[in-house]
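> Requesting a structural model of the entry that follows:
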Amino acid sequence: MRRQHPPLPRAVWLLVAARAVNRLGAFSLPFLTVTLVQTFHAPVRAAGLVMAAFGLATIPSRLLGSRLADHLGARATITLGLAGCAVAQLGIAAARTLPQAAGAAVALGLAFELYEPPSQALIADATTAEQRPAAYSLLAAALAAAGMGAGLLASALAHWDLRWLFVADAATCLGCAVVVALTLPRTPGRRVPTATTRHTGPWRDRRLLALLAAGTVFATTYLQVTIALPLTVLDRGLPATLVGLLLTTSALTIVAARPALRLRRVAGLDDFAAMALGYALLGSGLLATGFATTSLSLAAATVLWSLGDLVLFARIYTVVAAIAPETARGRYLAAYGTSWGVAAFVAPLLGTAVLTAAGPPGLWSGCAAASLLLAAAQPLLRRVAAPVGAQPVG
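Residues are numbered from 1 along each chain as shown. This is a model prediction of the structure:
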């Protein structure tokens, strides 16, 4: 049996459609490390440093995105962020030296997260607590559906020149910006918090800080799919085009499995029980990745970690939105999102170092262990994130 939910608001569907347009070309980042190594002849460690610089730049990007959304509104901020990404990606495509490519990668990081806080806050503001898991899973599934085409397109373009991946990504960023500017309702800036409401700020909320710590471990682990999976494919002696096919497999899995989230046995799980399940699936898939040596075994591992991906992304932002005061959702989501910025700095350094020292089995076994620890930590996080005075479940 499936649980029935009220229909999602039009604004959510419009935003999801716009982000899907963007996702159709958003396949360049997993190839950035490979591009630096193959096109610019950078050592693996140097490529890791460039990716770390990109990640560090995404931290102020996300915080700035929240501020801009407060002053300019969601539509203007999303449009600005997408246009900035397009310019930076064209810079990577036009680069002729490693320093030029590195500079463009940092510029991409500065624009990369501008549109995330207003996107997530718009969904949270437009939906009820009951609708949010469905809304966030719809966004994940739509991005995955577009990702299927993205993976196939990436495989085709990678046969020519990896730079074309960044040109295509820039084109879809601009396409998404146009869709957002023309169709998304204009949203005014949020009310700036007064002195009496600043105590609700995200950086003083121990519940958010606990979620942020766990989220940073998750993001550091998950980003190895972007950073280390392409290098693992090369280490196995398999063609770089396989990366695009694996991303397509991941996307197909997410789209095909999304209806399972509406099954009563799954939908009836509280957010933290669902996330424990998601982390267990993620860890199983990452462990299998470390010991996969063929295209088929890598594809099977990809199916496993993608199922975990689907469950997790449907619930993580639901939890953050639930603990945030209504007037501070954008700031809470932006603060939580810095976990991805920290991870994008740490993950390339850690991932490339472990990959060099211990090879794929060592790296992916460590990622699996981190995922299983996060699964075990969910009962504690449930208690920490409970509202003051509430009786936590379990």
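> Which helix in this protein has the most residues?
Scanning the chain for the longest helix, with DSSP state H as the assignment, gives helix 329-385.
> Which strands and helices lie in contact with that one?
helix 44-72, helix 116-126, helix 206-222, helix 224-235, helix 271-291, helix 295-323 (3 or more CB pairs under 8 Å, 6 or more residues apart in numbering; DSSP states H and E). (C-beta placed from N, C-alpha, C; glycine too.)
> what's next to the fourth one, contact-wise?
Residues external to helix 224-235 that are found in contact with it (CB atoms under 8 Å, 6 or more residues apart in numbering): 29-31, 33-34, 37, 44, 48, 51, 239-240, 242-243, 246, 286, 289, 298, 305, 347-348, 351-352, 355, 359-360, 363-364, 367.
> Most tightly packed of the helices and strands packed on helix 329-385?
Mean neighbours per residue, mean count of other CB atoms under 10 Å, is largest over the helices and strands packed on helix 329-385 for helix 116-126, with a mean of 25.
> Please enumerate residues in contact with it?
Helix 116-126 has contacts (CB under 8 Å, 6+ apart) with 8-9, 11-12, 15, 19, 62, 65-66, 68-69, 73-75, 77-78, 81, 132, 135-136, 139, 187, 317, 321, 324, 329-330, 333-334, 337.
> before we move on, back to that, comparing the helices and strands packed on helix 329-385, which yields the minimum mean pLDDT?
The weakest mean pLDDT among the helices and strands packed on helix 329-385 belongs to helix 116-126, with a mean of 80.
> circling back: orientation of the longest helix of the chain relative to helix 295-323 in degrees?
Orientation of helix 329-385 against helix 295-323 (axes from the mean of the first three to the mean of the last three CA atoms, to 10 degrees) gives an angle of 100 degrees.
> quick one: average pLDDT of helix 329-385?
Helix 329-385 carries an average pLDDT of 90.
> how distant is it from the center of its chain?
Put simply, helix 329-385 sits 12 Å off its chain's centre (CA atoms, centre = their mean, to the nearest Å).
> Likewise for stretch 120-129?
18 Å.
> Output it as CSV, restricted to C-alpha atoms.
The C-alpha trace of stretch 120-129 is given here as CSV (Å, rounded to 0.1, in the frame of the first residue of the first chain):
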residue,chain,number,x,y,z
GLN,A,120,16.0,24.4,-0.9
ALA,A,121,14.3,27.2,1.1
LEU,A,122,11.7,27.7,-1.7
ILE,A,123,10.7,24.1,-1.5
ALA,A,124,10.6,24.2,2.3
ASP,A,125,8.5,27.4,2.3
ALA,A,126,6.1,26.1,-0.4
THR,A,127,5.3,22.7,1.2
THR,A,128,3.9,21.3,4.5
ALA,A,129,6.0,19.1,6.7
